[in-house]
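*Asks:* Build me a model from this:
(4 chains)
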Protein chains: 2
Amino acid sequence: MNNLVSRFYMKKNEFIGGLLTAGEHNLLPAVSVDCVIFGFHENQLKVLLLKHRHRDMWALPGGFIGKEEPTDASAYRVLSERTGLKEIFLQQFYVFGEPGRSQKEFHLQDLKKDGIDVNEDLWILQRFVSIGYFALVEFSKVNPSSDTLHEKCIWWDIHKMPALILDHRKILDKALATLRMQLHNQPIGYNLLPEKFTMPELQKLYETILDKKLDRRNFQRKILGYQIVKRLTETKKGVPHKAPYLFSFDLKKYNDALNEGLNEVW
Amino acid sequence: MNNLVSRFYMKKNEFIGGLLTAGEHNLLPAVSVDCVIFGFHENQLKVLLLKHRHRDMWALPGGFIGKEEPTDASAYRVLSERTGLKEIFLQQFYVFGEPGRSQKEFHLQDLKKDGIDVNEDLWILQRFVSIGYFALVEFSKVNPSSDTLHEKCIWWDIHKMPALILDHRKILDKALATLRMQLHNQPIGYNLLPEKFTMPELQKLYETILDKKLDRRNFQRKILGYQIVKRLTETKKGVPHKAPYLFSFDLKKYNDALNEGLNEVW
DNA sequence: TTTTCATTGCGTCATTACGACACAATGTAG
DNA sequence: CTACATTGTGTCGTAATGACGCAATGAAAA
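*Replies:* Here you go, the predicted structure:
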């Protein structure tokens, strides 16, 4: 199965043909995964999108599930193929199970433009339930690479998104809402920021996700209270104005907080 | 599809036969729903379970999804069939997508005991990904009813659970963990308690879910602070000791809190 | 009837967490 | 070498929280 989807060296139509014929036997029917891959760059939250091969629209990286492949593994596969990363923070966040979400006509038109004539009963045209995953990755370590079915793979600013295919906008919104909710109870940043970062950078990350301005001093007090970061002796060089201290995450405390939550209410 | 699963009047093997033959054409393959139905009675959190027809084990109510049925609708259908309720709080909480979770051998043995001989390729024996839903229902309004495939349907105390089939224990635990997490940010109780309830009853609900003792006075202060309940002039009659006041939920405030969350952190 | 006692109603008090804001220190840009 | 945006480090008043006290109630025991 992995080989099937990984055959990037195949030409597009050859690849599609292979997928269409082999997929029916190698893939779990009716279920797919879609991944919202978040990165943070230039103080902005970014999402990795794929350009649709025929339309002026973009898509979340997604994929099918091997007959014996765990759904999580499928999402991991999609992620590592698009980003080149091995270790990534990945979390299932919602299932999109409306019958109308995967539109037969949509895919039929695309295949027609590919010059591929298919039967309407083809497995790939049937209804798919999609499991939504979101990933948090370190922007600078990502090497975005497209797949055979898409023109390119690039980061988009969360505030300047292009048109997305099908219900992918809805999926993205749900991922954002989940991320926002988790921010209140869980630490964040280890998977999005570089090893060493400044407090203003961390704050900007929070502000972007929450879409809200935060008080600089209260923010620092609160973060330090969690004890998930430790201040280094170095400061960030080559920046205008006063050089800010660098921080790094205290992995042990960070993981404890991940498991037990930050705000022990009751 | 609804008719298919709803034909309780059919005899068991007749029903199974119908499901097996019709299912392939009427049902979405590879996907199912499992429901954790929570109730609250005698100050204890309860879960509705079905007795397996051949084994000394119990199962979460579950079902398959019609080819054109939204997954949510499928869960609603399962719920209303087991509880007799129309309006119920229902929430998707996790997808269980390990290849090993639906064990072919398990179902094969059961069908053998039914005296039904099937092909190993039968759709129902294949791998299923299950969408977990949990429901909060008012115990006293529920009329538990079994289905054709199970002996009986009864409530079990969350602290005294019997052995569950397959990965249903894992599903239950995940539902509980989700409920526990949501308790910190969302109001709860409207769907679990009767119209009028006492503060100690509400507290016991929280204590059961959190599995933790709470201070009576601080609990009341906090709940009243949320303004989601209003105190009635009546007290609860026929109880030993001092008669406690009755409360009821302020639906408007309650729903506001459901949408916006209780603890506006940042 | 009176007493007992578990339970409820309604607080206090000290500590901590939080929001708003002040001011000095730093280092690049002009 | 001065201006200024930015950072480091606080303070202050208020709100929320945890721990606990005590009187009132009313069924059960004496």
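*Asks:* Would you mind listing what in chain A touches DNA strand D?
*Replies:* Within reach of DNA strand D by C-beta under 7 Å from any atom of the strand, chain A has these residues: A:198-200, A:216-218, A:220, A:235, A:240-245, A:264-266. Yep, even glycine has a C-beta here, placed from its N, CA and C like the rest.
*Asks:* Which ones, among the residues you listed, also lie beside chain B?
*Replies:* Under the cut-off given by C-beta under 8 Å from any C-beta of the partner chain, chain B has A:Val265, A:Trp266 from these close to it.
*Asks:* Filter the residues of chain A next to DNA strand D down to the buried ones and express that as a ChimeraX selection.
*Replies:* Command for ChimeraX that selects the buried part of the residues of chain A next to DNA strand D, burial taken from 16 or more other C-beta atoms under 10 Å in any protein chain shown:
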select /A:198,199,200,220
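*Asks:* Return the nearest residue of the stretch 101-250 of chain A with respect to chain B.
*Replies:* A:His184 (4.7 Å; C-beta to the nearest C-beta).
*Asks:* Make sure that residue is actually in contact with B:Trp266.
*Replies:* Yes. Judged on C-beta atoms under 8 Å, A:His184 makes contact with B:Trp266 at a distance of 7.3 Å.
*Asks:* thinking again about what came up before, helix or strand for the closest residue in space to the residue of the stretch 101-250 of chain A closest to chain B that isn't next to it in sequence, which one?
*Replies:* Leaving aside its sequence neighbours, A:His184 sits nearest to B:Val265 (C-beta to C-beta, 6 or more residues apart in numbering or on different chains; 4.7 Å). Take DSSP states H and E as the rule and B:Val265 turns out to sit in neither a helix nor a strand.
*Asks:* before we move on, what about A:Arg169?
*Replies:* Per DSSP H and E: helix A:168-183 holds A:Arg169.
*Asks:* tilt between that helix and helix B:168-183?
*Replies:* Interaxial angle, helix A:168-183 versus helix B:168-183 (axes from the mean of the first three to the mean of the last three C-alpha atoms, to 10 degrees): 70 degrees.
*Asks:* what residues does the stretch 101-250 of chain A put near DNA strand C?
*Replies:* Residues of the stretch 101-250 of chain A lying near DNA strand C (C-beta under 7 Å from any atom of the strand): A:Asp215, A:Arg217, A:Asn218, A:Lys222, A:Gly225, A:Thr235, A:Gly238, A:Val239, A:Pro240, A:His241, A:Lys242, A:Ala243.
*Asks:* Let me know the next secondary structure element after the strand or helix carrying the second one.
*Replies:* Assignment of secondary structure by DSSP H and E places A:Arg217 within helix A:216-226. Once the chain leaves helix A:216-226, the next helix or strand it forms, by DSSP H and E, is strand A:229-235.
*Asks:* list the helices and strands that following strand packs on?
*Replies:* strand A:245-249 (3 or more C-beta pairs under 8 Å, 6 or more residues apart in numbering or on different chains; DSSP states H and E).
*Asks:* mind listing what's buried in the strand it packs on?
*Replies:* Under 16+ other C-beta under 10 Å, the buried positions of strand A:245-249 are A:Leu246, A:Phe247, A:Phe249.
*Asks:* in the next helix or strand after it, what counts as buried?
*Replies:* Next along the chain after strand A:245-249, taking DSSP H and E as the criterion, comes helix A:251-260. Residues of helix A:251-260 classed as buried: A:Tyr254, A:Ala257, A:Leu258 (neighbour count, 16+ other C-beta under 10 Å).
*Asks:* what do you get for stretch A:41-51?
*Replies:* A:Gln44, A:Leu45, A:Lys46, A:Val47, A:Leu48, A:Leu49, A:Leu50, A:Lys51.
*Asks:* With stretch A:160-173 instead?
*Replies:* In terms of neighbour count (16+ other C-beta under 10 Å), stretch A:160-173 has its buried residues at A:Leu164, A:Ile165, A:Leu166, A:Asp167, A:His168, A:Ile171, A:Leu172.
*Asks:* Could you dump the residues you listed into TSV with distance to B:Pro29 added?
*Replies:* Shown next, in TSV, are the buried residues of stretch A:160-173 (distance: C-beta to C-beta, whole Å):
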residue	distance to B:Pro29
A:Leu164	27
A:Ile165	24
A:Leu166	21
A:Asp167	21
A:His168	24
A:Ile171	22
A:Leu172	28
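*Asks:* Could you figure out how far the lengthiest strand in chain A is turned away from strand B:27-41?
*Replies:* What stands out as the longest strand in chain A, according to DSSP state E, is strand A:27-41. For strand A:27-41 against strand B:27-41, the angle by the same axes, to 10 degrees is 70 degrees.
*Asks:* partners of strand A:27-41 in the sheet?
*Replies:* When sheet partners are counted by DSSP bridges, strand A:27-41 sits next to strand A:44-52 (antiparallel), strand A:62-66 (antiparallel), strand A:129-136 (parallel).
*Asks:* export the first one as CSV, just CAs?
*Replies:* I take that to be strand A:44-52. Only the C-alpha atoms of strand A:44-52 are listed here, as CSV (Å, rounded to 0.1, in the frame of the first residue of the first chain):
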residue,chain,number,x,y,z
GLN,A,44,2.4,33.9,11.4
LEU,A,45,0.6,30.6,11.6
LYS,A,46,0.8,28.7,8.3
VAL,A,47,-0.9,25.7,6.7
LEU,A,48,0.5,23.4,4.1
LEU,A,49,-1.7,23.1,1.0
LEU,A,50,-1.6,21.3,-2.3
LYS,A,51,-2.6,23.0,-5.6
HIS,A,52,-5.3,21.1,-7.4
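*Asks:* Not counting its own residues, what contacts that strand?
*Replies:* A:36-40, A:58-61, A:82-83, A:110, A:139, A:142, A:144, A:146-147, A:150-159, A:161-162, A:164-165, A:172, A:205, A:208-209 (C-beta atoms under 8 Å, 6 or more residues apart in numbering or on different chains).
*Asks:* Check the residue nearest the centre of chain A and give its pLDDT.
*Replies:* The residue lying closest to the centre of chain A (C-alpha atoms, centre = their mean) is A:Ile37, at 1.5 Å. pLDDT, A:Ile37: 98.
*Asks:* need the contact list for it.
*Replies:* With the criterion set at C-beta under 8 Å, 6+ apart, A:Ile37 makes contact with A:Val47, A:Leu48, A:Pro61, A:Leu79, A:Arg82, A:Thr83, A:Phe134, A:Ala135, A:Val137.
*Asks:* out of those residues, which are buried?
*Replies:* Buried among these by 16+ other C-beta under 10 Å: A:Val47, A:Leu48, A:Pro61, A:Leu79, A:Arg82, A:Thr83, A:Phe134, A:Ala135, A:Val137.
*Asks:* Helices along the stretch 1-150 of chain A, start to end?
*Replies:* Ranges of helices within the stretch 1-150 of chain A are A:2-6, A:12-26, A:71-83, A:104-113, based on DSSP state H, counting those that start in this stretch.
*Asks:* what is the mean pLDDT for the longest one?
*Replies:* Average pLDDT, helix A:12-26: 87.
*Asks:* Quick check: buried residues in that helix?
*Replies:* By 16+ other C-beta under 10 Å, the buried positions in helix A:12-26 come out as A:Phe15, A:Ile16, A:Leu19, A:Leu20, A:Gly23, A:Asn26.
*Asks:* okay if I get those residues as a markdown table plus distance to DNA strand C?
*Replies:* Below are the buried residues of helix A:12-26 laid out as a markdown table (distance: C-beta to the nearest atom of the strand, whole Å):
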| residue | distance to DNA strand C |
| --- | --- |
| A:Phe15 | 49 |
| A:Ile16 | 52 |
| A:Leu19 | 51 |
| A:Leu20 | 54 |
| A:Gly23 | 50 |
| A:Asn26 | 50 |
